[in-house]
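Colleague: Predicted model and sequence follow; I will ask about them next.
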Protein chains: 2
Amino acid sequence: MRIGELSERTGTSRRLLRYYEEQGLIVSERCANGYRDYDPRFVDRVMQIRGLLDAGLPTRIIKQILPCLDKPRSIHFPDATPEMIATLERERDRMTERVECLTRNRDAIAEYLEEVRGGVPPVVAAEPSATAGPRSAD
Amino acid sequence: MRIGELSERTGTSRRLLRYYEEQGLIVSERCANGYRDYDPRFVDRVMQIRGLLDAGLPTRIIKQILPCLDKPRSIHFPDATPEMIATLERERDRMTERVECLTRNRDAIAEYLEEVRGGVPPVVAAEPSATAGPRSAD
DNA sequence: TCAAACCCTCACATACATGTGAAGGTCAAG
DNA sequence: CTTGACCTTCACATGTATGTGAGGGTTTGA
């Protein structure tokens, strides 16, 4: 597929797709006329990249970890240098920290939301009318 | 405590602490001489902010969700506007997505690491020597 | 009293992910 | 053949989180 289709199917601007290619996160074949030509598996790839970017990883790191995540590995065992291993371990641990931080705060938000809606409004709103949320009118 | 101590105890530059204050994420008392004076509970607060920033949340969003996470809520139920509720729900869901993305990729990294070190090198490396590092030239 | 170690504000700089637009090539349909 | 919808590269702009440093006040200890 060409860049326009990949852009539509991933919700990513063409500009960004070219930027990801420039950063070495994706690659593209070229048609005879110079147009980029993408394998359909890049749809998933791009969405994975976007997710990791959104979760705070910089392209430099994403570029390093991506080849280790493919089913048929693009980086094989003999290619793994000790520094590479160390980087992966560090990033794995950082990702775990992020997960813990996000989970903690998300749960706190969820708890607040439960209190604020379904919960007992403590001092105001004495009317149990059919407003506010998941509880349908009873 | 003054800004230097808070900086040391959170691993955050003074510049950043002032920036977080400018963005409304933290507040400070002022001593008679104009120096910032922080309550010790800001150590945790700042580390929470750093974690969320590192996980991809912008200060604008962090500022909105922070007051809902305190034990004695700084935002109470009647203060919660419908837009505020909607924002919190949206961010809660985005955080869940981030957690899922991070978990997925972290587990894939962990799996790769297990394969590359303890695992059986599948097609190359017929020598079970005690190195486990990058195989020297064959 | 002087120096060192704090603190202040303000301003400019940088890295990164992203937007926008110009100048131009390709291709298909009218 | 022309128009419109694609594509190309290149370059400049922007927002956000950060670094760095200048110019200057305060406090403490030798």
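Modeller: Received, thanks.
Colleague: ok, residues contacting stretch A:1-19?
Modeller: Under the contact criterion Cβ atoms under 8 Å, 6 or more residues apart in numbering or on different chains, stretch A:1-19 has outside partners A:26, A:28, A:31, A:35-38, A:40, A:42-43, A:46-47, A:50. Bear in mind the C-beta positions are built from the backbone N, C-alpha and C, glycine included.
Colleague: mind running it again at 10 Å?
Modeller: Defining contact as Cβ atoms under 10 Å, 6 or more residues apart in numbering or on different chains, one finds that stretch A:1-19 is touched by A:20-21, A:25-26, A:28, A:31, A:35-40, A:42-47, A:49-50, A:53, A:59.
Colleague: for that stretch, which positions count as buried?
Modeller: Neighbour-count burial for stretch A:1-19, counted by 16 or more other Cβ atoms under 10 Å in any protein chain shown, picks out A:3, A:6-7, A:10, A:12, A:16-17.
Colleague: quick check, stretch A:68-75 touching chain B?
Modeller: Yes - applying Cβ under 10 Å from any Cβ of the partner chain, one finds that stretch A:68-75 is in contact with chain B at A:68-71, A:73, A:75.
Colleague: mind checking the longest helix of chain A?
Modeller: Longest helix in chain A by number of residues, with DSSP state H as the criterion: helix A:82-116.
Colleague: hmm, that one touching DNA strand C?
Modeller: No - with Cβ under 7 Å from any atom of the strand as the measure, helix A:82-116 is seen stopping short of DNA strand C, the closest distance being 13.7 Å.
Colleague: Centre of the chain to that helix, how far?
Modeller: The offset between the C-alpha centroid of helix A:82-116 and the centroid of the whole chain comes to 13 Å, using Cα atoms, centre = their mean, to the nearest Å.
Colleague: quick one: it near DNA strand D?
Modeller: No - using Cβ under 7 Å from any atom of the strand, helix A:82-116 stays clear of DNA strand D, coming no nearer than 13.4 Å.
Colleague: who does that helix touch, helix- and strand-wise?
Modeller: Here helix A:82-116 touches helix A:59-65, helix B:42-54, helix B:59-65, helix B:82-116, going by 3 or more Cβ pairs under 10 Å, 6 or more residues apart in numbering or on different chains; DSSP states H and E.
Colleague: State the mean pLDDT of that helix.
Modeller: Averaging pLDDT along helix A:82-116 gives 95.
Colleague: Secondary structure for the buried residues of stretch A:1-19 - can I get that in JSON lines?
Modeller: Compiled in JSON lines, the buried residues of stretch A:1-19 are given as follows (DSSP: H, G, I helix; E, B strand; the rest coil):
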{"residue": "A:3", "secondary structure": "helix"}
{"residue": "A:6", "secondary structure": "helix"}
{"residue": "A:7", "secondary structure": "helix"}
{"residue": "A:10", "secondary structure": "helix"}
{"residue": "A:12", "secondary structure": "coil"}
{"residue": "A:16", "secondary structure": "helix"}
{"residue": "A:17", "secondary structure": "helix"}
